[in-house]
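Engineer: kindly generate the corresponding structure for this input.
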Amino acid sequence: THRYIAEALKDSDSLLYILLKEGKITGIATTHGLAIAEAYRGQGYGSYLVKSVVNQLIAQNDEAFQIVVEDSNIGAKRLYENIGFVKQTQVVYLK
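Structural biologist: Numbers count the residues shown, from 1 in each chain. Predicted coordinates:
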């Protein structure tokens, strides 16, 4: 989470979204990543935050965009698929 926030603050073109519940940070979203506090995972906060960001980006730009997810990040893949994203390509990294 701290890395995502630091990267967003360094990049003047980046956006930083913070989701609060009762004054506590529940989650953050940046162009570099999404993070939901452990105590709030599995309760729909990630879906809510992603949908809110996507809707705002569409309203502002009306341009296509993509989300990149590591194949091993099963939770994130499930979240994005559940809100309508579909897998288009897969990048394989070789050592």
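
Engineer: beta-bridge partners for L20, please?
Structural biologist: On DSSP bridges, the residues paired with L20 through beta bridges are I25.

Engineer: surely it meets T26?
Structural biologist: Yes. Counting by C-beta atoms under 8 Å, T26 is a contact partner of L20 at 6.3 Å. Just so you know, the C-beta spots here come from the backbone N, C-alpha and C atoms, and that holds for glycine as well.

Engineer: check the gap between K77 and F85 for me.
Structural biologist: Distance check for K77 against F85: by C-beta to C-beta, to the nearest Å, it reads 9 Å.

Engineer: low-scoring stretches of this structure, by residue?
Structural biologist: Within the chain, the stretches falling below the threshold (pLDDT under 70) are 1.

Engineer: what ranges do the strands span in it?
Structural biologist: Assigned by DSSP state E, the chain shows strands spanning 16-21, 24-30, 34-36.

Engineer: so which elements touch the second one?
Structural biologist: Contact here means 3 or more C-beta pairs under 8 Å, 6 or more residues apart in numbering; DSSP states H and E; on that basis strand 24-30 packs against helix 2-10, strand 16-21, strand 34-36, helix 45-61.
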